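Visitor: What shape does this take:
(one chain, ligands or ions: 1)
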Amino acid sequence: MREIKTVGVIGLGTMGAGIVEVFARGGLQVVGVETTEELAERGRGILQASVDRAVQRGRVSEQDRDALLRRVRISTTMQDLSGADLVVEAVPEVMAIKDQVFSALDGIVGEDCILASNTSSLSITRIAAGTDHPERVVGMHFFNPAPVLKLVEVITTLRSDPEVVQTVSALSTALGKKPVVVGDRAGFVANYLLFGYLNSAIRMLEQGHVSREDLDTAMRVGAGLPMGPLTLMDLIGLDVCHHIGDVIYGHSRSQLHAPSATLEQMVTAGRLGRKSGRGFYTYARTGGSQVVPDELTPQNGEQAGVERVAVVGEGTIARELVGRLEDGGYAVTHLADASGDLSAVGSVGLVIEAQEELDDTEDGSVADRDVDDLFRELGQTVAEGTVLATVNTYSAVALAAISGRTEDTAVLRVHTPTGNGQVVEIGRTTATSARTVELLRGVVRAMGAEPVVCRDRTGLVVDALLISHLNDAVRMLDEGYAGAEEIDTAIQHGLGYPMGPLAMVDHIGADEVLVLAEELHSGSSCLPREALAPSPLLVEHVLLDLPFTGR
Ligand code: 3HC
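Guide: Model prediction:
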């Protein structure tokens, strides 16, 4: 394995400047190259701001920062790369520009120099084919923000020299990164899985299934991901998302990756995310991360107050609900025996059905009372305007029709805490009134959870997005493109998830994931049915009771 002492980085945008910082932090000499003095200055600014922040946060001493900056030379002359042992390009994702850069490099660097591309989606095989020495070309794909996220996808081609691959991998490890070596395929591991999920999220927004704020809350709090999908796309850049999405769709032809009209229009209209000051959200300044209100920001409407709440049913969820509602300041009537007299709920503002579901009862017996029958009677018993909700897996539309309380009925889905808090999804029908929705939002907040309002479709938001995302990861494993460890490392360290998707399947339970995936596939989810078919490998693991990880 050769020794890497001096590294060149071409292109000093967000990614390029971040990559410069990674190498310089690791003690290497770095030459950063841009095309103009203005762009070089911008790159210097990104690097300076990032290292200054590290000093402010006490992560790096001023002395170390100054030493780090002394290791970096920024230039506008490609010739300055002549002494480099490795050059990483991070120029715009246009093949003609990549071709230009690599053929120029062929004439500048020494024979032993490794050439790497940070491309997120273009074919490394194609880039390598345009050079004099394809055997020294690999992909070295970093994740934004590069100084924070540990993943480096090392992309090999049929021509890559194994010693080059080993050197780049070992260097990444020495820099504190987690390299994952994979073959050349559109989107590689992380972007391929990420963009199916992001596309599904845009689809939900397009269809008016959920608001942008609630969509992000659902995935950040309810699924425990570091950012909501729309916030993340604004960070990545919508033009970049559009480009990567197109490349992946060109390969997969799956409905999951079918280009979104919304994304296309936003890019054409110049709404590129943080970098243009406006994307899905509006930002205080171009390039900043602080979101400011705009015309889509929800107004705090008049909230219908409710003081008395009834919980119907016995069991863990019912008891927890009673406790949290009482802590939230409500007077709670607990009807543990759902088959008893319902007259006690006559004067409450909200009734929540929370009987144990059939499968959950210890002796396998049926729940206290048939829910259809219960809602029919509630419809005849409760006062006008009383909101009816269930935490069980019944359809809000069916319960609204049965109770006759079309404006006042919704379903609630509780997502267990993931370290960030808890989400309660509120599934509404087309007839559910704004008053009912606001009343339920208020109650959920008073219980110390975050409300997410969406249409009552299979999987609501969290399960629909998360389970299809996990199923997609199992499908990638089944296709043999990457192993379980590679997939999990890529997603955990490239996207900052609390654990990889296969570890998540094991954590939730493969059987539970399969049940949810089957429901999504056969149900009314707003995602494309074809893309939701449970992976045969998921079925195998459930039948054989095999975990995906730790074997
Ligand atoms: N540069 C350098 N450091 C940064 C940074 C940046 N742009 N942004 C945040 N940080 C550092 C902070 O200084 C902080 O460090 P410290 O804890 O040691 O003080 C740490 O990261 C956490 O930052 P914050 O507390 O400000 O914010 P969060 O805890 O919310 O973390 C985040 C921010 C790291 C961006 C986190 O939300 C995250 O991991 N999000 C997921 C991002 C993601 O998925 N990226 C991949 C996109 S896909 C991609 O890049 C591939 C490409 O091909 C498209």
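
Visitor: When you work out contacts or count neighbours from here on, use the C-alpha atoms and nothing else.
Guide: Will do.

Visitor: Any idea how many residues pack against Phe143?
Guide: 24 (other C-alpha atoms under 10 Å).

Visitor: list the contacts for it?
Guide: Residues near Phe143 by C-alpha atoms under 8 Å, 6 or more residues apart in numbering: Met15, Leu149, Lys150, Leu151, Val152, Gly494, Leu495.

Visitor: Which residues are in contact with the nearest residue in space to the third one that is not next to it in sequence?
Guide: The shortest distance from Lys150 to any residue that is not its chain neighbour, by C-alpha to C-alpha, 6 or more residues apart in numbering, is 4.5 Å, and that residue is Lys177. With contacts defined as C-alpha under 8 Å, 6+ apart, Lys177 is in contact with Lys150, Leu151, Val152.

Visitor: Out of the contacts of Phe143, which sit inside strands?
Guide: Of the contacts of Phe143, the ones assigned to strands by DSSP state E are Leu151, Val152.

Visitor: same for the ligand: which of the contacts of Phe143 are within range?
Guide: Near the ligand, taking C-alpha under 6 Å from any ligand atom as the test, the members of the contacts of Phe143 found are Gly494, Leu495.

Visitor: wait, which of the contacts of Phe143 is closest to the ligand?
Guide: Leu495 (3.5 Å; C-alpha to the nearest ligand atom).

Visitor: wait, isn't that closest one in contact with Lys150?
Guide: No: when contacts are counted by C-alpha atoms under 8 Å, Leu495 is not listed as touching Lys150 (9.1 Å).

Visitor: CA atoms of the helix or strand bottoming out on mean pLDDT in the chain as CSV?
Guide: Here the helix or strand of the chain ranked lowest by mean pLDDT, DSSP states H and E is strand 409-415, holding a mean of 88. Extracted in CSV, the C-alpha atoms of strand 409-415 (Å, rounded to 0.1, in the frame of the first residue of the first chain):
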residue,chain,number,x,y,z
THR,A,409,-64.1,11.3,14.2
ALA,A,410,-60.3,10.5,13.8
VAL,A,411,-57.8,7.8,14.5
LEU,A,412,-54.7,8.3,16.7
ARG,A,413,-51.5,6.3,16.2
VAL,A,414,-48.9,6.5,18.9
HIS,A,415,-45.3,6.0,18.0
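
Visitor: partners of it in the sheet?
Guide: Strand pairing for strand 409-415, using DSSP bridges, gives strand 387-390 (parallel), strand 423-428 (antiparallel).

Visitor: closest one to His141 among the ones you listed?
Guide: His141 lies closest to strand 423-428 among the strands paired with strand 409-415, at 33.7 Å (C-alpha to C-alpha).

Visitor: helix or strand right after the closest one?
Guide: Counting by DSSP states H and E, the element after strand 423-428 in chain order, helix or strand, is helix 434-446.

Visitor: Can you name every helix or strand that the helix or strand just after that following helix contacts?
Guide: Note on helix 434-446: by DSSP H and E, the next helix or strand toward the C-terminus is strand 450-455. For strand 450-455, the packing partners by 3 or more C-alpha pairs under 8 Å, 6 or more residues apart in numbering; DSSP states H and E come out as helix 212-217, strand 423-428, helix 434-446.

Visitor: Now do strand 450-455 and strand 409-415, the angle between them.
Guide: For strand 450-455 and strand 409-415, the angle between their directions (axes from the mean of the first three to the mean of the last three C-alpha atoms, to 10 degrees) works out to 130 degrees.

Visitor: Let me see the residues that make contact with strand 450-455.
Guide: By C-alpha under 8 Å, 6+ apart, the surrounding residues in contact with strand 450-455 are 209-211, 214-215, 217-218, 221, 421-430, 437, 441, 444-445, 460-461.

Visitor: What's the mean pLDDT across that strand?
Guide: The average pLDDT within strand 450-455 is 96.

Visitor: for stretch 268-283, same thing?
Guide: Across stretch 268-283, pLDDT averages out at 98.

Visitor: Identify whichever of the strands paired with strand 409-415 lies nearest to Val33.
Guide: strand 423-428 (46.2 Å).

Visitor: Centre of the chain to the closest one, how far?
Guide: Strand 423-428 has its C-alpha centroid displaced from the chain centroid by 19 Å (C-alpha atoms, centre = their mean, to the nearest Å).

Visitor: quick one, that strand and helix 434-446 angle?
Guide: Between strand 423-428 and helix 434-446, the angle comes out at 170 degrees (the same axes, to 10 degrees).

Visitor: Leu158: what's its closest spatial neighbour, skipping adjacent residues?
Guide: Excluding the flanking residues, the one nearest Leu158 by C-alpha to C-alpha, 6+ apart is Thr125, at 7.6 Å.

Visitor: And for stretch 533-547, what's in contact with it?
Guide: Applying C-alpha under 8 Å, 6+ apart, the set of residues contacting stretch 533-547 from outside is 471-472, 474-475, 478, 506, 510-511, 514, 517-518, 521, 548.

Visitor: okay, now Ser50: neighbour count?
Guide: Other residues lying near Ser50 total 15 when counted by other C-alpha under 10 Å.

Visitor: Hmm, I typed the wrong one, I wanted Arg308.
Guide: Neighbours of Arg308 (other C-alpha under 10 Å): 18.

Visitor: cool, and the one 4 residues further on?
Guide: By the criterion of other C-alpha under 10 Å, Val312 has 26 neighbours.

Visitor: go on, the one 3 residues further on?
Guide: Using other C-alpha under 10 Å as the criterion, Gly315 is surrounded by 14 other residues.

Visitor: wait, what's in contact with it?
Guide: For Gly315, the contacting residues are Gln355, Glu356, by C-alpha under 8 Å, 6+ apart.

Visitor: Next one: it, what pLDDT does it get?
Guide: 83.

Visitor: What strand or helix carries His334?
Guide: Using DSSP H and E, His334 falls within strand 331-335.

Visitor: Now the buried members of the contacts of strand 450-455.
Guide: Neighbour counting by 16 or more other C-alpha atoms under 10 Å classes 209-211, 214-215, 217-218, 221, 421-429, 437, 441, 444, 460-461 among the contacts of strand 450-455 as buried.
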